[in-house]
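Asker: When you get a sec, could you give me coordinates for this:
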Amino acid sequence: MSRKIAFRGNSGVWGVQAKAKITVAVLAPNADDPATLDSAFVRGYVGFRRLRSEMSWPLSVNRNWKGDGEPADARWTPLVPEDVENGLPLLRAFTTAQRPEFELRQTQHGMYYMLPPGPVGNTAAFDCFFGDLTRGDVPRYRTAEDRTGEFTSVISVPIEHQLLDVLVHRDLAAGFRPEAFVYGDPLGGQGFGSADQSHCILPIDETVRQLPGSPPITVTPVYSRYAEMVETVYERAGWDAADFVGFRLMVKYPPMGTSVSVRFGLAERE
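Answerer: Reported below is the predicted structural model:
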């Protein structure tokens, strides 16, 4: 109830809101170097709308890190190259036609996908998704400095639902034990990476659940075309959906300014 009230309040204060934010990460061994992983990363909003016309807003931020939060370079390429617009890796098939013209801003902290000012209300609401792929840039095994992997969704918009799926190749599934965390930072620093953030964990009791089926059944009432979008990820990356195991974290009314995270231990090298 407190989180629902906060959603309503933040919607009024900031002038934006969305039905849902969806984040899906897919991991598979790299064909040329099995000690590294390929990764596809899709994120976006369902039912995003402005409540005030003058607002410019970051729809997504793409960052990579290693160890205790040190920035890491990754060679991300668009999942659907023909959909790139203004440098943004759009998934046009899942982005509604009345969407605005997004802007790309690159800083030392990452890539920002910005929503410019525009019309308000339900008639101007839209869905939008972005997708990237990197080959061989993700370490498969733990090291002394880097023992965990983590996918994080920063809650920078008041939303009703956060859906975060991690789909891993069956070769990685043995011993894969993902955990859910929701981090908060009252100082506004938004810590990233695998440094100790135990003092920032909020008491939001959600569990990562394994998806049934092979391939994983990914349907959700949050977004009617979600399973179709996941199939597009498999197809574009050249993966067989039957080779994957799925894990899902769903958080209702996640507080704005927090980070919803799925963390997992990296495997020991044999």
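Asker: Low-confidence bits of the chain, can you list those?
Answerer: Applying pLDDT under 70 to the chain flags residues 61-74, 99-100, 107-111, 186-199.
Asker: give me that answer again for 80
Answerer: For the chain, the stretches with pLDDT under 80 are 55-56, 58-75, 86-87, 97-113, 185-199, 270.
Asker: Can you list the residue ranges for helices in it?
Answerer: With DSSP state H, the ranges of helices along the chain come out as 2-14, 170-173, 226-237.
Asker: Out of these, which one sits most buried?
Answerer: Stretch with highest mean neighbour count among the helices of the chain: helix 226-237 (a mean of 18; mean count of other C-beta atoms under 10 Å). Where you see a C-beta, it was placed from the backbone N, CA and C, and this is true even at glycine.
Asker: What helices and strands are in contact with it?
Answerer: Identification of packing neighbours for helix 226-237 by 3 or more C-beta pairs under 8 Å, 6 or more residues apart in numbering; DSSP states H and E yields strand 16-29, strand 36-50, strand 126-139, strand 159-169.
Asker: mind running it again at 10 Å?
Answerer: strand 16-29, strand 36-50, strand 126-139, strand 159-169, strand 244-252 (3 or more C-beta pairs under 10 Å, 6 or more residues apart in numbering; DSSP states H and E).
Asker: quick one on the thing from earlier: quick one: which of the helices of the chain is nearest residue 39?
Answerer: Residue 39 sits nearest to helix 226-237 of all the helices of the chain, at 9.2 Å, using C-beta to C-beta.
Asker: Need the nearest residue in space to residue 125, chain neighbours excluded.
Answerer: Distance criterion C-beta to C-beta, 6 or more residues apart in numbering; nearest residue to residue 125, sequence neighbours excluded, is residue 49 at 3.9 Å.
Asker: That neighbour against residue 119, yeah?
Answerer: Yes: with contact defined as C-beta atoms under 10 Å, residue 49 counts as touching residue 119 (9.3 Å).
Asker: one step back: which one of the helices and strands packed on helix 226-237 lies closest to residue 92?
Answerer: Residue 92 lies closest, by C-beta to C-beta, to one member of the helices and strands packed on helix 226-237: strand 126-139, at 9.0 Å.
Asker: Could you check which of residue 49 and residue 119 is surrounded by more residues?
Answerer: Ranked by neighbour count (other C-beta atoms under 10 Å), residue 49 and residue 119 place residue 49 first, with 19 against 12.
Asker: ok, that one to residue 127 distance?
Answerer: Distance, residue 49 to residue 127, using C-beta to C-beta, to the nearest Å: 11 Å.
Asker: can you list residues touching both of these two?
Answerer: 18, 19 (C-beta atoms under 10 Å, 6 or more residues apart in numbering).
Asker: quick one, phi psi at the residue nearest to residue 54 when sequence neighbours are not counted?
Answerer: What sits nearest to residue 54 in space, not counting adjacent residues and going by C-beta to C-beta, 6+ apart, is residue 117, at 5.1 Å. When read as degrees, to the nearest 10, the backbone of residue 117 gives phi -60, psi 150.
Asker: Residue 117 contacts residue 55, correct?
Answerer: Yes: at 6.2 Å, residue 117 counts as touching residue 55 under the criterion of C-beta under 10 Å.
Asker: quick revisit: which one of the helices of the chain lies closest to residue 184?
Answerer: helix 2-14 (11.6 Å).
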